[in-house]
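J.: give the three-dimensional model of this entry:
(chains A and B)
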Amino acid sequence: MQPSSRDDFIIAIRSAFLKKENKQKFSLSALIILTLSILILGRYDFKVINYAKLSLKEIAYRSTFIFSTPENVIKNGFIATKNHFFVYEENKILKQKVKDLEIKKYNAQYIQTENERLKETLNELKFSSDEILAKVIVDKQSPFLKSIIVNKGSKHGVILGMGVLDQEYLVGKVVEVNFTTSRVLLLSDLNSKIPVDILPNNIQSILSGTGSDIGKIQYIKEEALIESESIVYTSGAGGIFKPGVPIGRTIKNTLNSEINVEFYSEFSQLRFVKLRSYKAEEN
Amino acid sequence: MTELSKLSIFKQLLEKGPIILLFVSTLNEFDFNYLGLKYFSFNFPFILIYYWSLKRPGSLGYGLIFLSGLFNDAVVGLPIGVSSLSYLFICGFSSYLRNITLRPSRINDWFFFGFTILVVNSLMFAISNIFFNVQIVYEDVLVNILFTFLFYILFSILFELYKNFVYGASSV
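T.: Coordinates of the predicted model:
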């Protein structure tokens, strides 16, 4: 009797997945079962798996830093060459910005002093902060997840949920802490959602990542009240971030009336970041 | 004698080329993001694993492929095990194709690769999304699949040349 095509199919599948092939130490099926076990146990926070994950991540992040060195040299060379062509134009823009900022600085100093005085009068909350300076060791932003790895971990006092700043601009928060490294989820990641305050109209909303270079304002009724070029700050709702940390400025999308946010910080150029935790202090 | 041993070390290194390249690519994650090409990305490890599992299974050990998947997850930030599972499934698909193929053809391999990455990516992102609540931009995934599919033919030619150089034209 001739074997049917169904039999051939089953034999080929069995041979591919179940039989241990020549020169292979493990069969595919055994490794697939092992991987599934890791996934399932990892999903339910099994302790042994978590420790194994931490060790693996420490090794992977350090190795990635070393392996990325040649690519980083090329990348930095490329960026330096690109920047060189725009120096003249950039200089003109920057000169104008400095002038504008000088004017704003004097106004801001006055407003800040007035604000502190009024807060004291109102007996409002004050914030104290702990800051850790960290170096970005891996900034491999995959097409799917936007995150960076920094060289500070639980050993240096990093805790989950710390705000991450580039100069004074918010860029993300700590979502994973290892012994000497941590992962920072950038604001541009699709999974990032933070409460924000949009000025000058003082509108509370949620800023979501889009997976690209911009953010999106969500869950808002008064879209018409938000103008282009409005400034987006953290609102402090939820107690994760201090209120008033600048994030970016709004851009109205004329095609679909969505409100996007252009971040102040260039996420692909991060070298050093500040990890900051806040504590509210009673007056 | 020294010359001979030097040659032998060099040959061994060349023979380990695919596995070295796999680890470099998972740890280094060739992304070209700095070029600013908004819709450009492709999955190099998928191409590498599929080609070498199909054409010369001994050159990539399943255990090492599994390990490189774990490293990839740690670097990219996916749940640990997702990439390993997808890499192992690619090995399974290529092994199946090898078992049923009498007369290999590059075009057949290419189209089967397209089918493979569609299935494997669906599985990978279904697990990430359903069980680990990871949000994904589906357009980016589709673009990634498309470029991975298109680049297979280019890399398969390059790998063929490398294979012929290291193992000889008649090697299997």
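J.: shouldn't residue A:265 be within a helix?
T.: No - applying DSSP: H, G, I helix; E, B strand; the rest coil, one finds residue A:265 to be coil, outside a helix.
J.: let me know the average pLDDT across stretch A:183-203.
T.: Stretch A:183-203 comes out with an average pLDDT of 86.
J.: what does the pLDDT read for residue B:33?
T.: For residue B:33, pLDDT reads 49.
J.: check residue A:94 too.
T.: For residue A:94, the model assigns a pLDDT of 90.
J.: quick check: phi and psi on it?
T.: Per-residue torsions, residue A:94: phi -60, psi -40 (degrees, to the nearest 10).
J.: what of residue A:194?
T.: When quoted as degrees, to the nearest 10, the phi and psi of residue A:194 stand at phi -130, psi 150.
J.: same thing with the one 3 residues further on?
T.: Note on residue A:197: backbone dihedrals following degrees, to the nearest 10 are phi -120, psi 130.
J.: tell me how many other residues surround it.
T.: For residue A:197, the count of nearby residues is 19 (other CB atoms under 10 Å in any protein chain shown). The way it works is simple: take the backbone N, C-alpha and C, and place the C-beta from them, glycine included.
J.: which residue comes closest to it once chain neighbours are left out?
T.: Nearest in space to residue A:197, with sequence neighbours left out and distances taken as CB to CB, 6 or more residues apart in numbering or on different chains, is residue A:235 at 4.0 Å.
J.: that neighbour against residue A:196, yeah?
T.: Yes - Residue A:235 sits in contact with residue A:196 when judged by CB atoms under 8 Å, with a separation of 5.5 Å.
J.: mind listing the shared neighbours of the two?
T.: Shared contacts of residue A:235 and residue A:196 (CB atoms under 8 Å, 6 or more residues apart in numbering or on different chains): residue A:204.
J.: any idea of the mean pLDDT in the longest helix along chain B?
T.: Secondary structure of chain B read by DSSP state H shows that its longest helix is helix B:138-167. Per-residue pLDDT values across helix B:138-167 average out to 89.
J.: mind listing what's buried in it?
T.: Neighbour-count burial for helix B:138-167 flags B:140-141, B:143-145, B:147-149, B:152, B:155-156, B:159, B:162-163, B:166-167 (criterion: 16 or more other CB atoms under 10 Å in any protein chain shown).
J.: before we move on, what about stretch A:50-69?
T.: Neighbour-count burial for stretch A:50-69 flags A:52-54, A:56-58, A:60-65, A:67-68 (criterion: 16+ other CB under 10 Å).
J.: so which of those belong to helices?
T.: Using DSSP H, the buried residues of stretch A:50-69 in helices are A:52-54, A:56-58, A:60-65, A:67.
J.: residue ranges of the strands in chain A, please?
T.: A:126-138, A:147-150, A:163-166, A:169-177, A:182-186, A:193-199, A:203-209, A:214-218, A:231-234, A:246-252, A:259-263, A:272-281 (DSSP state E).
J.: neighbouring strands for the fourth one, and are they parallel or not?
T.: In this case it means strand A:169-177. Counting by DSSP bridges, the strands paired with strand A:169-177 are strand A:163-166 (antiparallel), strand A:182-186 (antiparallel).
J.: distance from the chain centre to the last one, please.
T.: To tie it back to what came earlier, the one meant is strand A:182-186. The chain centroid and the centroid of strand A:182-186 are separated by 5 Å under CA atoms, centre = their mean, to the nearest Å.
J.: what's the answer for the shortest one, then?
T.: Going by CA atoms, centre = their mean, the spacing between the C-alpha centre of strand A:163-166 and its chain's C-alpha centre is 9 Å.
J.: next: stretch A:226-241.
T.: Here stretch A:226-241 is found 16 Å from its chain centre; the criterion is CA atoms, centre = their mean.
J.: ditto for stretch B:109-125
T.: On CA atoms, centre = their mean, the centre of stretch B:109-125 falls 12 Å from the chain's centre.
J.: what average pLDDT does that stretch get?
T.: Averaging pLDDT along stretch B:109-125 yields 92.
J.: buried ones in it?
T.: For stretch B:109-125, a neighbour-count test (16+ other CB under 10 Å) marks B:109, B:112-114, B:116-117, B:120-121, B:124-125 as buried.
J.: show me the contacts for the residue nearest to the spatial centre of chain A.
T.: Residue closest to the average C-alpha location in chain A (CA atoms, centre = their mean): residue A:186, at 1.0 Å. If you count contacts by CB under 8 Å, 6+ apart, residue A:186 has them with A:141, A:146-148, A:171-172, A:192, A:209, A:267.
J.: partners of it in the sheet?
T.: Beta-bridge partners for residue A:186, by DSSP bridges, are residue A:172.
J.: and it, how far is that from chain B?
T.: Residue A:186 sits at a distance of 11 Å from chain B (criterion: CB to the nearest CB, to the nearest Å).
J.: would you mind finding the most buried of the strands paired with strand A:169-177?
T.: Among the strands paired with strand A:169-177, ranked by average contacts under mean count of other CB atoms under 10 Å in any protein chain shown, first place goes to strand A:182-186 (a mean of 24).
J.: ramachandran coordinates for residue A:200?
T.: According to degrees, to the nearest 10, residue A:200 has phi -90, psi -10.
J.: same question for residue A:86.
T.: phi -110, psi 10.
J.: so what's the residue count around it?
T.: Other residues near residue A:86 come to 10 when the count uses other CB under 10 Å.
J.: hmm, back to that, comparing residue A:235 and residue A:196, which residue is more hemmed in?
T.: residue A:196 (28 against 21).
J.: that one reaches residue A:230, doesn't it?
T.: No - using CB under 8 Å, residue A:196 is not in contact with residue A:230; the gap is 10.5 Å.
J.: please enumerate the helices of chain B.
T.: Taking DSSP H, the helices of chain B run over residues B:2-15, B:17-28, B:44-55, B:62-76, B:82-100, B:106-132, B:138-167.
J.: turn the ones you listed into a markdown table, columns for distance to chain A.
T.: Shown next, in a markdown table, are the helices of chain B (distance: least, CB to the nearest CB, whole Å):
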| stretch | distance to chain A |
| --- | --- |
| helix B:2-15 | 12 |
| helix B:17-28 | 4 |
| helix B:44-55 | 10 |
| helix B:62-76 | 4 |
| helix B:82-100 | 4 |
| helix B:106-132 | 6 |
| helix B:138-167 | 5 |
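J.: quick one, which of these is nearest to residue A:120?
T.: Judged by CB to CB, the one of the helices of chain B that comes nearest to residue A:120 is helix B:106-132, at 46.4 Å.
J.: which strands and helices sit next to the closest one?
T.: helix A:28-43, helix B:44-55, helix B:82-100, helix B:138-167 (3 or more CB pairs under 8 Å, 6 or more residues apart in numbering or on different chains; DSSP states H and E).
J.: what's the closest non-adjacent residue to residue A:174?
T.: residue A:162 (4.4 Å).
J.: cool, residue B:147 as well?
T.: Using CB to CB, 6+ apart, the nearest residue to residue B:147 is residue B:42, at 3.9 Å.
J.: now the strands of chain A as TSV including distance to residue A:111?
T.: Below are the strands of chain A laid out as TSV (distance: least, CB to CB, whole Å):
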stretch	distance to residue A:111
strand A:126-138	17
strand A:147-150	33
strand A:163-166	21
strand A:169-177	19
strand A:182-186	30
strand A:193-199	12
strand A:203-209	20
strand A:214-218	25
strand A:231-234	14
strand A:246-252	14
strand A:259-263	23
strand A:272-281	21
